[in-house]
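[1] Here's a sequence, model it:
(2 chains)
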Amino acid sequence: MDPFSSLETLRSGLDSGEFSSVELAKHYLARINKYNPQLNCFITIPEAEALQQATKADALIAKGNSGVLCGLPMALKDIFLTRGILTTCGSRMLENFIAPYNSTVAEKLAGSGMVCLGKTNMDEFAMGSSNENSHYGAVRNPWNTEYVPGGSSGGSAAAVSAALVPVAAGTDTGGSIRQPAAFCGISGIKPTYGRVSRYGMVAFASSLDQGGAFGRCVQDVALLLSGMGGHDPRDSTSADHDMQDIHALATGDDKGFTLGNKKITIGLPKEYLENLDGAQLQAVYETARNIFETQGVQFREVSLPHTSVAVPTYYVIAGAEASTNLSRYDGVRYGYRCKDPQNLEDLYVRSRTEGFGDEVKRRILTGTYTLSVGYYDAYYVKAQKVRRLIANDFSEVFKDVDLLMTPTTPSHAFKLGQLTKDPVEMYQQDIFTTPASLAGLPCLSVPCGTINGLPLGLQLIAPHFEEALLLKTGYLFQQHSDWHTQYPEPGAL
Amino acid sequence: MIIELEELKNLGRLAKIELDSRAQNRAATDLNNIMQMIAQMQSVDTSNTNPMENPLDAIQRLRLDEVSESDHRDEFQALSEHTRDGLYTVPRVIE
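    Residues are numbered from 1 along each chain as shown, chains lettered A, B, ... in the order given. I've put the predicted structure just below:
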């Protein structure tokens, strides 16, 4: 059994009886137990529950009563609540939190018969771009373990990259799926805001948070997304938009992924190209463009004039929403409570001071400042207005082009510890991902080359709810390139 | 300095986060660097621009004013070691 197989291949193996879901789960659990001590991708590995789910899936498959996802293994970022299983969100604050209910994402994937092999490591409360902010230790990049896997969904990305699991769910607030997908050489989609329910997904910045999918190829990403997405009345921000086009892609054969006679035009935002660091990166980007051009895709230079202020705007809005959302952690009802509090104020202050890590505190303090009396209009409302202008930039260019293409990140993965001393430099890593997040647009990152043995990602951005076009275009790219079939050398692990 | 030390202490009080003197210095440096980066946003002309609260400009959906949740108190309180008679316990606040 090749652990780097696609979901389609694994599906065939299950359906033909070549192996059972239990055997498949045991195969990946053995890899997790072998490689996780080095990579630190997982916080919780619920083996017994996984094997129970796999046994149930085998029974359904035997009855011929199973769907396309039944019996396939996956992992969940430790931000999705799972009833009866620890959900830490990478924080000491939730080190003892066993959720009393399931997130919609966990429920839907379990309902489809998928087998959850583990809860993946992440930056604390999804705040970070390197996965070094986890209370449970940094995750390492399988391509070179001295480098970061990206963040905040670094555990999910590294686990898929090292084939500890074929697919994994993550979340993306300002780039937390796309950047780790790029750094780990895999594919990752951040859908349109509202596509995937936030019910039971621990909140960071509610107007930006969005669940999404990692896989080694675009078809796997589509398949997992089809199982995760859809309208959910339990999430008041869930979009009431049907998933038919994504389901059709995921459940049909590969012909469904072809663009057919549709001629597409891709816009190249000049402001992103100005920020490209180094000739090697430019060459990788040019090669990607050439691959599309040989397939008849047209390109046009476009302008998104407010790109340079996306990072500051994002950090005002995300910080403000985080400071509000995280006020619920008070040491009273659940989560970490300090020892021997002297009074109620001491209970609140010490529980939060001891329970949160440095980056989370920084964001809470930034948000508290920008929301405080006298600064609210100057920072928070101002950021909301700039957000509108950034979104308008995208709406304008989508009148002329079908999609946009940019690098996912300004460079390949950086070394562990390289940027931890300077939060602003770390925040600048999000320069190519935050603009589309602010506009709520769907984005796909696919591997497009390597520099110094470390992968790079190509970001495609589409108008709202055009995930199917995004996935088809990503598929076209992967039909004519082979970076998605490359994986870390076994010796590197 | 955009945020002076006294203001930082006040932010800590508002956010219920305590910063010891060493953490205060680091936080002051970091927060001021972050606020300087954020200040770039002020150069954008936003006159005649409406704030964007939701990226889809969605409005809050309404539902019928009917009880839809059942009582989960015991289940929720099982998450805490500090409950008594169906209530959460905290240090005494009234002598």
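
[2] Tell me which stretches of chain B form strands.
    Here chain B has its strands, by DSSP state E, at B:83-84, B:87-88.

[3] pull the CA atoms of the lengthiest helix in chain B into CSV?
    Criterion DSSP state H: the longest helix present in chain B is helix B:21-39. C-alpha atoms of helix B:21-39 as CSV (Å, rounded to 0.1, in the frame of the first residue of the first chain):
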residue,chain,number,x,y,z
SER,B,21,8.2,44.2,34.2
ARG,B,22,10.2,42.1,31.8
ALA,B,23,7.1,41.1,29.7
GLN,B,24,6.1,44.8,29.8
ASN,B,25,9.2,46.0,28.1
ARG,B,26,9.0,43.3,25.4
ALA,B,27,5.3,43.9,24.9
ALA,B,28,5.8,47.7,24.7
THR,B,29,8.4,47.2,22.0
ASP,B,30,6.4,44.7,20.1
LEU,B,31,3.1,46.6,20.3
ASN,B,32,4.7,49.8,19.2
ASN,B,33,6.3,48.1,16.2
ILE,B,34,3.0,46.6,15.3
MET,B,35,1.2,49.9,15.7
GLN,B,36,3.8,51.6,13.5
MET,B,37,3.1,48.9,10.8
ILE,B,38,-0.6,49.5,11.2
ALA,B,39,-0.2,53.2,10.8
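
[4] That helix close to chain A?
    Yes: counting by Cβ under 8 Å from any Cβ of the partner chain, chain A is contacted by helix B:21-39 at B:Ala27, B:Asp30, B:Leu31, B:Asn33, B:Ile34, B:Met35, B:Gln36, B:Met37, B:Ile38, B:Ala39. Yep, even glycine has a C-beta here, placed from its N, CA and C like the rest.

[5] From these, keep the buried residues only.
    B:Ala27, B:Asp30, B:Leu31, B:Asn33, B:Ile34, B:Met35, B:Met37, B:Ile38 (16 or more other Cβ atoms under 10 Å in any protein chain shown).

[6] OK, contacts around the nearest residue to the first one once chain neighbours are set aside?
    So the one you mean is B:Ala27. Nearest residue to B:Ala27 in three dimensions, chain neighbours excluded: B:Leu19, at 5.5 Å (Cβ to Cβ, 6 or more residues apart in numbering or on different chains). By Cβ atoms under 8 Å, 6 or more residues apart in numbering or on different chains, the contact list for B:Leu19 reads B:Leu8, B:Lys9, B:Gly12, B:Ala27.

[7] How about the stretch 351-493 of chain A: which residue is closest to chain B?
    Across the stretch 351-493 of chain A, the shortest distance to chain B (Cβ to the nearest Cβ) belongs to A:Gly440, at 2.6 Å.

[8] Report pLDDT for that residue.
    A:Gly440 carries a pLDDT score of 98 in this model.

[9] same deal with B:Asp20?
    85.

[10] how about the helix or strand hosting A:Ala468, does it reach chain B?
    When elements are assigned from DSSP states H and E, A:Ala468 belongs to helix A:467-479. No: Helix A:467-479 does not reach chain B (Cβ under 8 Å from any Cβ); its nearest approach is 14.3 Å.

[11] picking that back up, using a markdown table, lay out the residues of helix B:21-39 next to chain A together with pLDDT and distance to A:Ser156.
    A markdown table is the format used below for these (pLDDT from 0 to 100; distance: Cβ to Cβ, whole Å):
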| residue | pLDDT | distance to A:Ser156 |
| --- | --- | --- |
| B:Ala27 | 92 | 30 |
| B:Asp30 | 95 | 28 |
| B:Leu31 | 95 | 30 |
| B:Asn33 | 97 | 30 |
| B:Ile34 | 97 | 27 |
| B:Met35 | 96 | 32 |
| B:Gln36 | 96 | 33 |
| B:Met37 | 97 | 28 |
| B:Ile38 | 97 | 29 |
| B:Ala39 | 96 | 34 |
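
[12] in the stretch 101-250 of chain A, which spans are helices?
    A:104-111, A:154-161, A:178-184, A:218-228, A:244-251 (DSSP state H, counting those that start in this stretch).

[13] I'd like the ones you listed laid out as CSV, including mean pLDDT, distance to A:Thr485 and mean neighbour count.
    Shown next, in CSV, are the helices of the stretch 101-250 of chain A (pLDDT from 0 to 100; distance: least, Cβ to Cβ, whole Å; neighbours: other Cβ atoms under 10 Å in any protein chain shown):
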stretch, mean pLDDT, distance to A:Thr485, mean neighbour count
helix A:104-111, 98, 25, 22
helix A:154-161, 98, 13, 35
helix A:178-184, 98, 14, 35
helix A:218-228, 97, 12, 27
helix A:244-251, 86, 20, 18
